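Chemist: Build the 3D model from these lines:
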Amino acid sequence: MNPTLANLFRLAACVTLFGAANLSHATEGGGTSYPLGAENYMSGAMPPPGFYGQVFVNHYEADNLRGNDGRKLPVDFSVRANAIVPRLIWVSDHNLLGGSLALHAIVPLVDVKVQLNGQSQHNRGLGDVIFGPALGFHHNDNFHSILAFDMIAPTGRYDKDDLANPGRNYWVFEPVYAMTYVDPAGLNADAKVMYDFNRKNPDTDYRSGQEFHVDYAVGWGFGNGWVAGLGGYYYRQTTDDRQDGERIEDNKGRSFAIGPSIKYSGEQGWFVTAKWSKETEVRNRAQGDAYWLKLTVPF
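Modeler: Numbers count the residues shown, from 1 in each chain. I've put the predicted structure just below:
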């Protein structure tokens, strides 16, 4: 079998975490531990001290795999994934290095179905939990930023022989820097920049390459709580995968996603965002569409 095609069969071996874009690229099983494109407007603006709840709702679907040259591969493939993902955020009244100290945890609940060349599997359950500390900075009334260090724990169920896995079965360490410019009656711009250091999967002796990715949103505020514009993500795998100590070449994933994005802010401090993102410029990944809804509520 052609090495590239053989790797794409390995790519279509599992799906993890939120489901969105996660059966998608050239790391082991074609997944990322972070749900690409999850964040939207206000991703770099830490709220005042207190407890906050967020709920992400996500649907992802794809029906083709792209090779190293970007062309569609001759395989019968599809994935449909849905997730409900609660997130708890605590912002303290303590400052460190000029920033407000905060902690957060994300607990994804995933439902996914994968079909590959006549084989099909449907799995659901807890995904891999994301947690970590953060520092929030308020540079002025419009510009805000967050510096964080997320850890992704292998809490989801995993079986190396399954097509659809809720978990990745390895730890990930992820530095984060997020920036937000917000104007209720003008420009709104957000970028959440992340870099993933993946540990080895002990069941397969496979270590996925390092990954750089950015969630972004750009829009215009109308002065009545509404913001409308565009959002999505940019993704690029920066180092090769390794299995049994051997490097896997011509296998790095990359993609760019874009689509309409909106936000509405209520007077009591809550807000909701929604977007549709279409993946383009795809290499060594599945190519599909993601739909996101996020609600943020103070307790």
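
Chemist: Name the nearest residue to residue 252, ignoring sequence neighbours.
Modeler: Using CB to CB, 6 or more residues apart in numbering and skipping residues adjacent in sequence, the residue nearest residue 252 is residue 237, 4.1 Å away. C-beta: built from backbone N, CA, C; applies to glycine.

Chemist: For that neighbour, give me its contacts.
Modeler: 25, 26, 27, 209, 210, 211, 212, 252, 253, 254, 284 (CB atoms under 8 Å, 6 or more residues apart in numbering).

Chemist: I'd assumed residue 201 was in contact with the third one.
Modeler: No - counting by CB atoms under 8 Å, residue 27 sits too far from residue 201 to count as a contact (10.1 Å).

Chemist: The two: which has the busier surroundings?
Modeler: residue 27 (26 against 20; other CB atoms under 10 Å).

Chemist: Let me know the distance separating the residue nearest the centre of the chain from residue 248.
Modeler: Residue closest to the mean C-alpha point of the chain, counted by CA atoms, centre = their mean, is residue 35 at 1.8 Å. In this view, residue 35 and residue 248 are 24 Å apart by CB to CB, to the nearest Å.

Chemist: Does residue 154 lie in a helix or a strand, and which?
Modeler: Assigned by DSSP states H and E, residue 154 falls within no helix or strand.

Chemist: show me the contacts for the nearest residue to it once chain neighbours are set aside.
Modeler: Computed as CB to CB, 6+ apart, the closest residue to residue 154 that is not its neighbour in sequence is residue 169, at 5.0 Å. In this structure, residue 169 makes contact with 154, 158, 160, 201, 202, 203, 204, judged by CB under 8 Å, 6+ apart.

Chemist: Just the buried ones out of these, please.
Modeler: Buried members of the contacts of residue 169, scored by 16 or more other CB atoms under 10 Å, are 154, 158, 201, 204.

Chemist: Looking at these, which are in strands?
Modeler: residue 201 (DSSP state E).

Chemist: for the buried ones among the contacts of residue 169, which one is nearest residue 232?
Modeler: The closest of those to residue 232 turns out to be residue 154 (CB to CB; 27.6 Å).

Chemist: Hmm, the closest one is touching residue 128, no?
Modeler: Yes - under the criterion of CB under 8 Å, residue 154 makes contact with residue 128 at 5.8 Å.

Chemist: shared neighbours of these two, which are they?
Modeler: In contact with both residue 154 and residue 128: 167, 168, using CB under 8 Å, 6+ apart.

Chemist: ok, residue 46 - contacts?
Modeler: Per CB under 8 Å, 6+ apart, neighbours of residue 46: 91, 100, 102, 134, 136, 137, 138, 144, 146.

Chemist: any chance of the residues you listed in CSV, plus distance to residue 291, secondary structure and pLDDT?
Modeler: As requested, the contacts of residue 46 are exported to CSV (distance: CB to CB, whole Å; DSSP: H, G, I helix; E, B strand; the rest coil; pLDDT from 0 to 100):
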residue, distance to residue 291, secondary structure, pLDDT
91, 29, strand, 98
100, 32, strand, 97
102, 28, strand, 98
134, 27, strand, 98
136, 28, strand, 98
137, 32, strand, 98
138, 32, strand, 97
144, 27, strand, 98
146, 25, strand, 98
